[in-house]
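fold the following and give me the result.
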Amino acid sequence: MTLPRPLLVLVLMLAALPLRAERIDVAAGGAALVQAIASAVDGDELILAPGLHQGPVTLDKALSLIGAEGARIDGGGVGSVITVDVPDVVVRGLIVTGSGRSHETIDSGIKLTKRATGARVEDNDLSDNLYGIDIHGARDALVSGNRIEGLRLRHMNSRGNGIYVWNSPGAVVENNEIRFGRDGIFSNTSKRNTYRGNVMRDLRFAIHYMYTHDSEITDNISIGNHLGFALMYSDRIVARDNISINDRDYGVMLNYTNQSDIFGNLVTGDAEKCTFIYNSHRNLLAQNRFENCGIGIHFTAGSERNTITGNAFIGNRTQVKYVGTTDVEWSYEGAGNFWSDHPAFDLDGDQRADSAYRPNDLMDHILWSQPAAKLLLGAPAVQLVRWSQANFPATLPGGVVDSHPLMAPVAIEVPQSYMSLAKVTPIWRNERTDDDTDPLKSH
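Residues are numbered from 1 along each chain as shown. Model (predicted):
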């Protein structure tokens, strides 16, 4: 029998409608979770009961995987514990443990493949995994509010990253807590990413950028890592309002990073270098506060056309390390930087010092190129050279000049909620690993 045309159209429209999403309760134990995923349809919400659920599992339907308090999925040491392989999946409120240990396959607690567009990974606890969360090609993913504890293998490079982002435009990583493992967030070959509000402790790098362009790093906290924020081979980055506390080597590093804004950041707590700028061009460094480091800022390898203004250099043993044969101006439109060792006067009350600041002299250049010359520091001849340069500026070598030093420093406070962590002795002071190396050597 042939149906009338209007009725036929109605039947086809109804057939095209998705089935109504259901809530499915999944009991702990055995293969119940695997079976529930197999029988579910797009849009279903799987609620995992407290207790142990057997993994690994692959989500190949647009499901929501929600954990009741105490629900844990364990991968049994094989591959990734949860693999998301379709768009619009939600993974929330789970304890995720027991990934494999292969770097080749990037075994992770939660893996988002390139088909996992728009995935949401929220409020999970991940531990005993090689990598915490791997965003591997998933566009517009959200990873938010997770607590990730990585492995503590002696060989640091054998550990995995807390969150690994590869070629995932539009990914947002926010408000996560990451401790141990290798790097907190490793972003590689990506663009238009946002990393904000994350707290990262006891790692190699807090945030490690490689070939990640047009992205934003804001309001992150790095505490007790080997290096805070490493921006490498990346352009048009905004790094704003981040804090580095008690990091070992550098607070902020720019290596082959160009046309980026480094604004309103704080580095404090006896790092070797608050800031290291290597072969990086046309960047803005403004309103940052660099204090109590061995070197406030190390500026090298032909970095040019950078604007450095409004920063505060406070209590660093060496404020600036820069070797050059021409003067480099570190003020912009009449506003320079604050230098705690500059004995300045402001007779006209314009909040600018009445005399220029030069952080380095000829002896500094000699000492950097010939470290053995430190034995001569107390010699009368050395003191005579320094006196001559102080009184006859024409004898000074090329180098950094701040023609309009500021009279007051920018104020950036550590949030009260992190003050207790800031006072804890960082683990790197006592923990020995097999690869305590210069971060530039591996690149």
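
how about V41, secondary structure?
Secondary structure assignment for V41 (DSSP: H, G, I helix; E, B strand; the rest coil): coil.

before we move on, what about the one 5 residues further on?
Local secondary structure at L46 is given as strand here, using three-state DSSP.

around it, how many other residues sit close by?
L46 has 20 neighbouring residues, counting by other CB atoms under 10 Å. The C-beta positions use only the backbone N, C-alpha and C, and glycine is treated the same way.

surely it and A21 touch.
No. With contact defined as CB atoms under 8 Å, L46 does not count as touching A21 (10.8 Å).

check the residue lying closest to G162 once chain neighbours are set aside and give its pLDDT.
The shortest distance from G162 to any non-neighbouring residue, by CB to CB, 6 or more residues apart in numbering, is to I178 (3.6 Å). pLDDT, I178: 98.

same question, the one 3 residues further on
Here the pLDDT value assigned to G181 is 97.

next one: A68
A68 is given a pLDDT of 97.

then N430?
Looking at N430, its pLDDT stands at 84.

kindly report the same for the one 4 residues further on.
The model reports D434 with a pLDDT of 67.

for burial, what's the neighbour tally of G302?
Residues lying near G302 (other CB under 10 Å) number 9.

need the contact list for it.
G302 sits next to N279 when contact means CB atoms under 8 Å, 6 or more residues apart in numbering.

re earlier: which elements pack onto the helix or strand harbouring the residue nearest to G162?
Assigned by DSSP states H and E, I178 falls within strand 177-179. Here strand 177-179 touches strand 147-149, strand 199-201, going by 3 or more CB pairs under 8 Å, 6 or more residues apart in numbering; DSSP states H and E.

the last one - what's its average pLDDT?
By that I understand strand 199-201. On average, strand 199-201 scores 98.

ok, it: who's next to it in the sheet?
strand 177-179 (parallel), strand 221-223 (parallel) (DSSP bridges).

quick check: next helix or strand after it?
strand 205-213.

report the separation between V238 and I295.
Distance check for V238 against I295: by CB to CB, to the nearest Å, it reads 25 Å.

most tightly packed of the strands paired with strand 199-201?
strand 221-223 (a mean of 24; mean count of other CB atoms under 10 Å).

from the chain's centre, how far out does that one sit?
9 Å (CA atoms, centre = their mean, to the nearest Å).

do stretch 206-217 as well
7 Å.

tell me which residues of it are tucked away?
A206, I207, H208, Y209, M210, T212, H213, S215, E216, I217 (16 or more other CB atoms under 10 Å).

what helices or strands is the host helix or strand of the last one leaning on?
Okay, so that is I217. According to DSSP H and E, I217 maps onto strand 216-218. With contacts defined as 3+ CB pairs under 8 Å, 6+ apart, the packing partners of strand 216-218 are strand 194-196, strand 238-240.

distance from the first one to the middle of the chain?
Put simply, strand 194-196 sits 9 Å off its chain's centre (CA atoms, centre = their mean).

direction included, what does it pair up with?
strand 172-174 (parallel), strand 216-218 (parallel).

kindly reformat the ones you listed as JSON lines containing mean pLDDT and distance to R152.
Formatted as JSON lines, the strands paired with strand 194-196 follow (pLDDT from 0 to 100; distance: least, CB to CB, whole Å):
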{"stretch": "strand 172-174", "mean pLDDT": "98", "distance to R152": "22"}
{"stretch": "strand 216-218", "mean pLDDT": "98", "distance to R152": "26"}
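
got these as CSV, with distance to G399 columns?
As requested, the strands paired with strand 194-196 are exported to CSV (distance: least, CB to CB, whole Å):
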stretch, distance to G399
strand 172-174, 39
strand 216-218, 30
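
hang on, the earlier thing: between the helices and strands packed on strand 177-179, which one is closest to S280.
Ranking the helices and strands packed on strand 177-179 by proximity to S280 (CB to CB) places strand 199-201 first, at 22.6 Å.

related to what we said a few turns ago, can I get the strands paired with strand 199-201 in a markdown table with distance to N306?
Output for the strands paired with strand 199-201, formatted as a markdown table (distance: least, CB to CB, whole Å):
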| stretch | distance to N306 |
| --- | --- |
| strand 177-179 | 30 |
| strand 221-223 | 23 |
